[in-house]
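Undergrad: what shape does this take:
(one chain, ligands or ions: 1)
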Amino acid sequence: MMTEAGKAGRLAGKIALITGAAAGIGRASAVRFAAEGAAVALADIDGPRVQQLADSLRESGASCLALPMDVTDEASVAAAFERLHAEYGRLDVLMNNAGGSSMNDRNVVDIEIEEFWRAIRVDLFGTFVCCRHAIPLMRLAGGGSIINMGSISAHRGLVGRDAYTAAKGGVTALSRSLAVEFAAEGIRSNIIAPGAVSSERMERFIREDERVRNAVSRHLLGLPAPEEVAATAVFLASDESAHMTGAVLALDGGRSAAA
Ligand SMILES: NC(=O)c1ccc[n+]([C@@H]2O[C@H](COP(=O)([O-])OP(=O)(O)OC[C@H]3O[C@@H](n4cnc5c(N)ncnc54)[C@H](O)[C@@H]3O)[C@@H](O)[C@H]2O)c1
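TA: Numbers count the residues shown, from 1 in each chain. Modelled structure (predicted):
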């Protein structure tokens, strides 16, 4: 299919919304989705940065919309989806990417309670509430693909990461539930589960925390770049994965395969 910009692409004709699109994996996915011909709504709490990205993608011929959005605040999410509806009229792909672990995470005894709720609010509630507002727009499209950023931490115990582990465990369970609940409407829901990805944030953790360095050394193939996660997201967003739902795609350099 030809894109609006006149290029063929694996996502030509699709309308996609990516949360946390201003940096890291979200940004790489936005760039790649646009290059594959999707119209992309870039949602992020960092409004100016996402606006800058939207402007530069538009210059290269893509259809883009910058959406300032705080995924922890339902009113902000609802307003962003209303703008999306007014601009594009429907949604084909939602990538729930905003989130991430923090250096303030600890085990259940040592962690500050507020850090637990921060992780739950951004990763789990953010995913939940974006799905709540995206699915009615996917119904207008006659189906859709939800891509949730999970983590190896949802499947294996990690030392000192009890808030993040709980949040990503919730995201993973929710993703599977959505797959079952909405399959009859042609709405798919899948997880990408990295170990560590060489985003700017992770590179900072690697410099600052020896436990992270040890974990990283167990990635047999080394760390994937954000662009490699974006490539997996393109597959899940496209009709190439039309019969895949409820799946967890590990992108962890073989870490979870090793004893
Ligand atoms: N980087 C990794 O090693 C790694 C590994 C496994 C899973 N993941 C997951 O991938 C996703 C992206 O990670 P990353 O490393 O690219 O993160 P990042 O910190 O580089 O980017 C996150 C983006 O989300 C935005 N954001 C933060 N809070 C927000 C909110 N409340 N509302 C809207 N936007 C918000 C930030 O402004 C930023 O642009 C996260 O869900 C993370 O848990 C990352």
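
Undergrad: how much space between the residue of the chain found nearest the ligand and A75?
TA: Closest to the ligand within the chain is G24: 2.2 Å, counting by CB to the nearest ligand atom. (Each C-beta comes from the backbone N, C-alpha and C, glycine too.) If you measure G24 against A75 using CB to CB, to the nearest Å, the figure is 26 Å.

Undergrad: of these two, which one has the most company?
TA: G24 (19 against 8; other CB atoms under 10 Å).

Undergrad: skipping its backbone neighbours, what lies nearest that one in space?
TA: Excluding its sequence neighbours, the residue lying closest to G24 (CB to CB, 6 or more residues apart in numbering) is S199, at 3.7 Å.

Undergrad: which ones are touching the one you found?
TA: 23-25, 226 (CB atoms under 8 Å, 6 or more residues apart in numbering).

Undergrad: thought V108 was touching R161?
TA: No - in this structure, V108 is not within contact of R161 by CB atoms under 8 Å, at 10.8 Å.

Undergrad: the closest residue in space to A16 that isn't next to it in sequence: neighbour count?
TA: Setting aside the residues directly before and after it, A16 is nearest to V93 in space (CB to CB, 6+ apart), at 3.8 Å. V93: 27 surrounding residues under other CB under 10 Å.

Undergrad: how about V93, phi and psi?
TA: The phi/psi pair for V93 (degrees, to the nearest 10) reads phi -140, psi 130.

Undergrad: hmm, it is touching N148, no?
TA: No - contact criterion CB under 8 Å: V93 and N148 do not qualify, at 11.9 Å.

Undergrad: quick one: the residue of the chain closest to the ligand from A98, how far?
TA: In this view, G24 and A98 are 10 Å apart by CB to CB.

Undergrad: cool, R176 as well?
TA: R176 is 20 Å from A98, by CB to CB.

Undergrad: could you do S217 as well?
TA: Taking CB to CB, one finds S217 at 28 Å from A98.

Undergrad: C-terminal to the lowest-mean-pLDDT helix or strand in the chain, what's the next element?
TA: Least confident element among the helices and strands of the chain, by mean pLDDT, DSSP states H and E: helix 210-217 (a mean of 86). For helix 210-217, the following helix or strand on the C-terminal side (DSSP states H and E) is helix 226-237.

Undergrad: so which elements touch that next one?
TA: Secondary-structure packing of helix 226-237 (3 or more CB pairs under 8 Å, 6 or more residues apart in numbering; DSSP states H and E): helix 24-35, strand 93-96, strand 144-149, strand 187-194, strand 248-251.

Undergrad: just the ones you listed: most buried one?
TA: strand 93-96 (a mean of 29; mean count of other CB atoms under 10 Å).

Undergrad: which one of the helices and strands packed on helix 226-237 lies nearest to P68?
TA: With CB to CB as the criterion, P68 lies closest to helix 24-35 of the helices and strands packed on helix 226-237, at 14.0 Å.

Undergrad: any idea how far the closest one is from the middle of the chain?
TA: 10 Å (CA atoms, centre = their mean, to the nearest Å).

Undergrad: in its sheet, what does the helix or strand following it sit against?
TA: On the C-terminal side of helix 24-35, the closest following helix or strand by DSSP H and E is strand 39-44. Sheet pairing of strand 39-44 (DSSP bridges) gives strand 15-19 (parallel), strand 64-68 (parallel).
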